[in-house]
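Novice: Next input, structure requested:
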Amino acid sequence: MKKAKLTLLSAVIAAGLVALMGCPQPTTSGGGGGGGGTTGETYVGDAVDAYNAANYYVYIESTTGVQDNDSELYAFNNTCSLEDATSTGSGIPEGVTALKVTNTGSGAGWSAGGWTTATAADLSSYNALVFYVLAKSSEFNEQLKVRIGDASANSPEVTVPFTVDGTWKKVQVHLDQFTGINKTAITKPFIFVSADSEFNDIFYIDNIYYTYIDGFTPPAEPAPTAAPTAPTFDGSEISLYSDSTGAGITIAMNWASWSSGAETSVDISGNQVKKLPVSFVGYDLTPAADVSGTTNLYIDVWTNGLTAIKIKLVDFKGDGYQGANGDVEYEYSAPISASGQWVTLSIPITTWTSQ
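Specialist: Residues are numbered from 1 along each chain as shown. Predicted coordinates for the structure are as follows:
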């Protein structure tokens with residue numbers, strides 16, 4: 001039987017970058033926002049700045065922060081539990097407690113939570129979101145992402161690549177990395193999203209605030225300088241998107257309400273590739289395609305740090321999303337073997353049909 005290839009998609013998966021401070025050094029606790037000397041542990045991490053009235057504090061003990069005013073700390077869809085922790089194994093950066101986040105939504109494949117405020121805040125005078133995070137390799141095995149949200153329901157996302165070694169890391173995110181956000185009307189000053197799918201996995205966060213840092217600029221976003229190598233097929237493939245295979249079939253974008261960023265086309269030496277946000281983007285086939293004779297899904301992917309992408313095939317059974325006929329969907333987490341270069345994924349269709 002003639003073996004056909006299902007599709008070829010060249011994609012640049014865009015992940016935000018943050019500034020991660022240098023090697024942690026043991027410090028002693030200090031006043032006005034200092035470390036947690038009263039916990040009986042030695043605080044291990046970057047030096048904690050003293051309280052500054054010019055900053056906008058989200059989570060702090062030594063003075064009034066967002067958590068003391070018109071805000072709500074929530075766990076999204078019960079995907080995690082939130083509690084105060086007085087012991088982390090490496091002390092507490094500020095005050096005597098940190099926020100402990102435990103994943104309780106392993107079935108969802110992610111967990112999320114954060115602060116939402118009743119009154120929008122104007123944070124346009126700041127250029128940095130700063131916070132501290134700690135995780136242990138035995139308790140956390142995925143990436144952490146941060147979002148902020150505005151009154152118009154924009155909620156862009158930035159990936160936080162920190163070292164998981166059981167010590168506190170100080171993270172600085174430039175606000176310009178939150179593309180499309182209205183800094184004058186922030187209603188969700190801090191949202192965390194964890195892709196960790198392990199039940200009861202844990203991380204800690206503390207001392208969250210907005211500030212202005214002189215000379216702080218967004219990190220340059222890595223990008224491919226060459227297009228992926230053109231594949232050699234026999235003409236029987238069904239192409240969704242490619243400059244080097246057939247004309248392809250018509251596809252339509254399918255966005256979720258919580259998708260961050262937007263799909264853009266990028267020209268690399270005359271070859272068009274798609275740049276996609278790291279959250280959710282779907283492609284609808286119009287009309288439906290018969291792929292019963294295909295064997296593999298082919299995708300060329302370039303990322304700047306992701307270790308996997310989740311690919312889902314969905315059958316709406318002819319009546320659209322959540323129609324009367326019901327939906328059937330199958331998901332596969334495809335490992336990314338290298339960062340900063342094109343990687344070809346060749347996934348057998350049976351990966352989904354055998355589920």
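Novice: Below-threshold pLDDT in the stretch 101-250 of the chain: ranges please.
Specialist: 105-109, 196-197, 243-250 (pLDDT under 70).
Novice: I'd like to know how far residue 305 sits from residue 337.
Specialist: Distance of residue 305 to residue 337, given as C-beta to C-beta, to the nearest Å: 13 Å. In short, each C-beta sits where N, CA and C put it, glycine included.
Novice: quick one, which of these two is more surrounded?
Specialist: residue 305 (16 against 12; other C-beta atoms under 10 Å).
Novice: Surely that one is within a strand?
Specialist: No: counting by DSSP: H, G, I helix; E, B strand; the rest coil, residue 305 is not found in a strand; it is coil.
Novice: tell me the pLDDT at it?
Specialist: Note for residue 305: predicted pLDDT of 72.
Novice: Over to the residue most central in space within the chain. Which of the three states is it?
Specialist: Central residue of the chain (C-alpha atoms, centre = their mean): residue 145, 3.8 Å from the mean position. Under three-state DSSP, residue 145 falls in the strand class.
Novice: Not counting its neighbours along the chain, what's nearest it?
Specialist: Counting by C-beta to C-beta, 6 or more residues apart in numbering, residue 145 lies nearest to residue 193, which is 4.3 Å off, once chain neighbours are set aside.
Novice: I'd say residue 44 and residue 167 touch.
Specialist: Yes: counting by C-beta atoms under 8 Å, residue 44 touches residue 167, with 4.5 Å between them.
Novice: all strands in the stretch 151-300 of the chain, in order from the N-terminus.
Specialist: 157-160, 169-174, 186-194, 202-211, 251-254, 264-268, 271-277, 282-285, 294-303 (DSSP state E, counting those that start in this stretch).
Novice: Need the winner for burial among these.
Specialist: The highest mean neighbour count among these, using mean count of other C-beta atoms under 10 Å, belongs to strand 202-211: a mean of 24.
Novice: That strand relative to strand 169-174, how many degrees between them?
Specialist: Inter-element angle recorded for strand 202-211 and strand 169-174: 40 degrees (by axes from the mean of the first three to the mean of the last three C-alpha atoms, to 10 degrees).
Novice: how far does strand 202-211 sit from the chain's center?
Specialist: 16 Å (C-alpha atoms, centre = their mean, to the nearest Å).
Novice: Could you do stretch 335-353 as well?
Specialist: On C-alpha atoms, centre = their mean, the centre of stretch 335-353 falls 19 Å from the chain's centre.
Novice: tell me which residues in it are buried?
Specialist: Within stretch 335-353, the residues that count as buried by 16 or more other C-beta atoms under 10 Å are 336, 342-343, 345, 349, 351-352.
Novice: The strands of the stretch 151-300 of the chain: which one's closest to residue 317?
Specialist: Comparison of the strands of the stretch 151-300 of the chain against residue 317 by C-beta to C-beta identifies strand 282-285 as nearest, at 13.7 Å.
Novice: per the record, what domains does this structure have?
Specialist: For the chain, automatic domain parsing gives the domain ranges 4-15+222-353, 19-211.
Novice: can I get the buried residues of stretch 335-353 in CSV with pLDDT?
Specialist: Output for the buried residues of stretch 335-353, formatted as CSV (pLDDT from 0 to 100):
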residue, pLDDT
336, 88
342, 92
343, 93
345, 92
349, 88
351, 88
352, 82
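Novice: Mind putting those into TSV with secondary structure?
Specialist: Shown next, in TSV, are the buried residues of stretch 335-353 (three-state DSSP):
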residue	secondary structure
336	coil
342	coil
343	strand
345	strand
349	coil
351	helix
352	helix
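Novice: Which pair in these has the greatest spatial separation?
Specialist: Pairwise over the buried residues of stretch 335-353, using C-beta to C-beta, the maximum falls at 342 and 352, 23.4 Å.
Novice: related to what we said a few turns ago, specify the beta-bridge partners of the residue nearest to the centre of the chain.
Specialist: residue 159, residue 193 (DSSP bridges).
Novice: quick one: contacts for it?
Specialist: 16, 157-160, 192-195, 278 (C-beta atoms under 8 Å, 6 or more residues apart in numbering).
Novice: how about a cut-off of 7 Å?
Specialist: The neighbourhood of residue 145, defined by C-beta atoms under 7 Å, 6 or more residues apart in numbering, consists of 157-160, 193.
Novice: Which of the buried residues of stretch 335-353 sits closest to residue 55?
Specialist: residue 336 (37.1 Å).
Novice: Could you report the distance from the closest one to residue 276?
Specialist: According to C-beta to C-beta, residue 336 and residue 276 sit 14 Å apart.
Novice: same question, residue 238
Specialist: 20 Å.
Novice: same deal with residue 115?
Specialist: 28 Å.
Novice: For residue 75, which residues count as its bridge partners?
Specialist: The partner residues for residue 75, given DSSP bridges, come to residue 113.
Novice: Count the residues that sit near it.
Specialist: Neighbours around residue 75, by other C-beta under 10 Å: 17.
Novice: My read is that it contacts residue 83, right?
Specialist: No: counting by C-beta atoms under 7 Å, residue 75 stays clear of residue 83, with 10.4 Å between them.
Novice: Would you mind giving the contacts of residue 145 as TSV with distance to residue 208 added?
Specialist: TSV is the format used below for these (distance: C-beta to C-beta, whole Å):
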residue	distance to residue 208
157	16
158	14
159	17
160	12
193	15
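Novice: quick one: which of these is nearest to residue 297?
Specialist: Among the contacts of residue 145, and counting by C-beta to C-beta, the member closest to residue 297 is residue 159, at 24.7 Å.
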